[in-house]
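A.B. asks: Sequence first, then the predicted structure:
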Amino acid sequence: MDFISTLGFTGTLIDLLRAAPQLVRLLRERKSFGVSVDTSGTSCVVSLGWTTYGIITDQIFVALASGAIASFFFIITVAALRLGRNVREFRVAPLWLIVLFSAVTFFGKNGLGLMLSISALISNVPQIRVAYKEENLSGLSLGTWLLTLSGGLVWLLYGILQNDLTIMVSTFFQSVTSGIIIALKLFKPTVVTPPSQELITD
């Protein structure tokens, strides 16, 4: 196995694992404070987009990793909704599903690649918003975002070596936004408030 294949395998492994800490935390703690269902839902949509991109560009590692992660984020979204998040929080996910579907339908690989290149930024911004606004981030898994940052850096190097601008731009945004979320989780002062006030409602 050459170096690029090793990176692809490593990135695939990280992607397979990165959502697990968040899912385990939701199921174990039975609370979803600080978790953005818009981000998890959009991440599911984006992962399906990457699965499509991997298939049409013959990048099997991209397709495999993305298909698996889509399933995890779907389960996380459902679990978070059952644990108190509101369906009205969905703002980006439905819109981005339409955008990606339209991109691949009308513009093919290039159109899909262009939209995917900014998808990590689009999908992670709602989580940054929730983490910034909510006082209690106890439901948010640090492990998931550390793995997301690590995976982003691995795929960034993979994209550079493959000379794939779509992967490079996307994973750059993934790394930056993940770093912001990690910083908010680690360094934001936590104030325990009554449960009815812990989820943003606007």
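C.D. replies: Good, I have the coordinates. Numbers count the residues shown, from 1 in each chain.
A.B. asks: After the helix of greatest length in the chain, which helix or strand is next? Please name it.
C.D. replies: Among the segments of the chain that qualify as a helix by DSSP state H, the longest is helix 92-117. As assigned by DSSP states H and E, the chain's next helix or strand after helix 92-117 is helix 119-133.
A.B. asks: Any idea how far the helix or strand of the chain with the lowest mean pLDDT is from the middle of the chain?
C.D. replies: Sorting the helices and strands of the chain by mean pLDDT, DSSP states H and E puts helix 3-18 at the bottom, at a mean of 87. Relative to its chain's centre, helix 3-18 lies at 16 Å (Cα atoms, centre = their mean, to the nearest Å).
A.B. asks: Dead centre of this protein: give me the residue that sits there.
C.D. replies: residue 43 (4.2 Å; Cα atoms, centre = their mean).
A.B. asks: Quick check: residue 100 vs residue 56, distance?
C.D. replies: 13 Å (Cβ to Cβ, to the nearest Å). (Each C-beta comes from the backbone N, C-alpha and C, glycine too.)
A.B. asks: Have a look at the two and say which one is more surrounded.
C.D. replies: Ranked by neighbour count (other Cβ atoms under 10 Å), residue 100 and residue 56 place residue 100 first, with 22 against 14.
A.B. asks: residue contacts, the spatially closest residue to that one that is not a sequence neighbour?
C.D. replies: Excluding the flanking residues, the one nearest residue 100 by Cβ to Cβ, 6 or more residues apart in numbering is residue 49, at 4.4 Å. Contact partners of residue 49, counting by Cβ atoms under 8 Å, 6 or more residues apart in numbering, are 66, 100, 104, 112, 115, 116, 119.
A.B. asks: go with 7 Å
C.D. replies: 100, 112, 116, 119 (Cβ atoms under 7 Å, 6 or more residues apart in numbering).
A.B. asks: Please list only the buried members of the residues you listed.
C.D. replies: Among the contacts of residue 49, those scoring as buried are 100, 112, 116, 119 (criterion: 16 or more other Cβ atoms under 10 Å).
A.B. asks: so which strand or helix has the residue nearest to residue 100?
C.D. replies: Going by DSSP H and E, residue 49 is in helix 37-56.
A.B. asks: tell me the angle that helix makes with helix 3-18.
C.D. replies: 150 degrees (axes from the mean of the first three to the mean of the last three Cα atoms, to 10 degrees).
A.B. asks: And helix 37-56, what's buried?
C.D. replies: 37-54.
A.B. asks: What's the first helix or strand after that helix?
C.D. replies: Taking DSSP H and E, what comes next after helix 37-56 is helix 60-82.
A.B. asks: Can you pull out the low-pLDDT segments for the chain?
C.D. replies: Applying pLDDT under 70 to the chain flags the ranges 190-202.
A.B. asks: Spell out the secondary structure type for residue 135.
C.D. replies: Following DSSP: H, G, I helix; E, B strand; the rest coil, the label given to residue 135 is coil.
A.B. asks: ok, back up a step: any idea which of the buried ones among the contacts of residue 49 is closest to residue 10?
C.D. replies: For the buried ones among the contacts of residue 49, the closest approach to residue 10 (Cβ to Cβ) belongs to residue 116, at 20.3 Å.
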